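# Build me a model:
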Amino acid sequence: MAEPSSLSPAELARYSRHVLLGEVGVAGQQKLAAARVLVVGAGGLGSPAALYLAAAGVGTIGLADFDRVAAHNLQRQLLHDDSTVGQPKVSSGAARLRATNPFIRVVEHPEGVTPENAVALFGAYDIVVDGTDNFSARYLNNDAAVLARRPLVFGSVFKFEGQVSVFAPHLGGPCYRCIFPEPPAPGSVPGCGEAGVLGALCGVIGSLQAVEVLKLIVGAGEPLLGRLLTYDGLAQNFRVLALKRDRACPACGEHPPIRAIDPARYRDTCQPSTPAAEPEEVPWEISVTEAKHQLDHASARTLLLDVRESYEWQICHVAHAEHIPMRQIPERLGDLPRDRRLLVICHSGVRSLRVTEFLRANGFTAVSNVAGGIDAWAAQIDPTMPRY
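Predicted coordinates:
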C-alpha cells in the first residue's frame, strides 16, 4: 500500500463514522485515502463495489470496462441510469463516483483489461476487484493478479446465488486456478446473460467485495483468504467453505507453466473483437441487414440459429429460426447441418460470437455471428418486435 496521506477537516467530517471505529480510526482512513483500487467491470458487481469504495474514501479508483450502457443493464447496474444509455460504462460510472465523493480520483480505462495490458495495469493498483461475468475474463484477471502480486477480490452471481473470495497466493492463499484449474467447455455453463440474475443479489455480492477491499486496506478483521463465501438469496443463507492452495496449480503452484500472459490462452475474452479472418469466403460476423438478405434470398441454404434461453425466445424471435440454447450446443452438434450456412444470433451478439467460435473449432466452416443480435434485428429490421 502507498504511504498514508493527511486528511482535511472536511474529509474528517465526512468520514467521521469510520473514524469512530477502533479498527479504522484516523490512521485507517488515511490508508484508504492513499489506496489505489482497480474495479474490473463497471456492471452488476462493479457498481455497488465501486460506489461503496468511493463513499468510503478510497483515494484512487480505476474503472476498467470496454462496454457501453444498455437499457437491460439498469435493473442491477446502479452506476448508470437512463440518461447514460449508449455511453461508455467507464464514463457513466466515473461521473457517478465523482458525484458521490469529490475527494477521490477516478481513472477511466475504456479499453478494459486485455492480455496485452493486464499485468502492467494491475501492477499500478494495490488491489483488484473482479466484477466480470465470463470465464475467460476471470482466468485472465486471476493470472494477471498472480503475476502482478496483487490481491484479487473475486465475486460472481448466478440467478439467486453469489460467491465472494480473496485470491492472493503472495499472501499465502490460493488463486482461482487452484479451485478451477481450467475453464469449462464453451457453452456448457450459462452466464447471467443467458440465465438471468436478481438485481439486488448484485448489491449483496458487490457490497461484500467492497467490505473485503476495505478490510485489506486498513488491516482489519480476517479477509476471505483461503475461504469462499457463498450466498443463497432464496434461502437467505450464507456459508463459508475452506479453500486450499494447490501445489500443482498452473498459475501459482511450485512449478507453474503460466509465467506470462499468452493471449491465445484466453478465449472469448474481455474485449469484444472479431476473430482474425481465415482464408475463406464466409465472414466471421455479418450485420442484421446482411443476415436478413441471406434468409430472404438463400433460405434453402441458410439456417438462423438462435442460442438464447427459452424465456428469451418466448419474448420474441425471428420466424423459421432454429432454437438451441447456448449451453445445449456441445451436445447437439449432430443436429446441426454441415451443408448449410449457419447464422448464429443471441440477444446482443456476445453469446452468439462464442458459439460461432465453438462451431468453427468443431469443423463448421460456414458459420457467421449476427452482430448486435435480436436487439439490432428489432431496431433495424422489425420495429414491431418487442425489445428487452
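# For the residue nearest to F103 when sequence neighbours are not counted, give me its contacts.
Sequence neighbours aside, E11 is the residue nearest to F103 in space, at 5.5 Å (criterion: C-beta to C-beta, 6 or more residues apart in numbering). Backbone N, C-alpha and C define where each C-beta goes, glycine included. Contacts for E11 (C-beta atoms under 8 Å, 6 or more residues apart in numbering) come out as 29, 33, 57, 103.
# Show me the strands in this protein, by range?
Here the chain has its strands, by DSSP state E, at 36-40, 60-64, 105-109, 127-130, 152-158, 161-167, 227-232, 237-242, 285-286, 302-306, 322-323, 341-345, 367-370.
# And these, which one averages the lowest pLDDT?
Within the strands of the chain, confidence is poorest for strand 285-286, with a mean of 92 (mean pLDDT).
# So which elements touch that one?
strand 367-370 (3 or more C-beta pairs under 8 Å, 6 or more residues apart in numbering; DSSP states H and E).
# about what we covered before: switch the strands of the chain over to CSV; also include distance to G219 and mean neighbour count.
CSV is the format used below for the strands of the chain (distance: least, C-beta to C-beta, whole Å; neighbours: other C-beta atoms under 10 Å):
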stretch, distance to G219, mean neighbour count
strand 36-40, 15, 27
strand 60-64, 19, 25
strand 105-109, 22, 17
strand 127-130, 13, 28
strand 152-158, 15, 25
strand 161-167, 14, 24
strand 227-232, 18, 16
strand 237-242, 21, 10
strand 285-286, 49, 18
strand 302-306, 51, 21
strand 322-323, 53, 14
strand 341-345, 50, 25
strand 367-370, 48, 26
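# Can you find the helix or strand in this protein with the smallest mean pLDDT?
helix 192-195 (a mean of 55; mean pLDDT, DSSP states H and E).
# So, low pLDDT: which residues of this protein?
Applying pLDDT under 70 to the chain picks out residues 1-5, 185-195, 267-281.
# Looking at it, which helix is longest?
If you go by DSSP state H, the chain has its longest helix at helix 199-218.
# which secondary structure elements does it contact?
helix 25-34, helix 46-56, strand 127-130, strand 152-158, strand 161-167, strand 227-232.
# Keeping just the C-alphas, turn the first one into PDB.
Same thing as helix 25-34. Output of helix 25-34 as PDB, limited to C-alpha atoms (Å, rounded to 0.1, in the frame of the first residue of the first chain):
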ATOM      1  CA  GLY A  25      -9.700   5.500  13.100                       C
ATOM      2  CA  VAL A  26      -7.800   8.400  11.500                       C
ATOM      3  CA  ALA A  27      -4.800   6.100  10.600                       C
ATOM      4  CA  GLY A  28      -7.100   3.700   8.700                       C
ATOM      5  CA  GLN A  29      -8.900   6.500   6.900                       C
ATOM      6  CA  GLN A  30      -5.600   7.900   5.800                       C
ATOM      7  CA  LYS A  31      -4.700   4.400   4.400                       C
ATOM      8  CA  LEU A  32      -8.000   4.500   2.500                       C
ATOM      9  CA  ALA A  33      -7.200   7.900   1.100                       C
ATOM     10  CA  ALA A  34      -3.800   6.600  -0.100                       C
END
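# Right, I'll leave it there.
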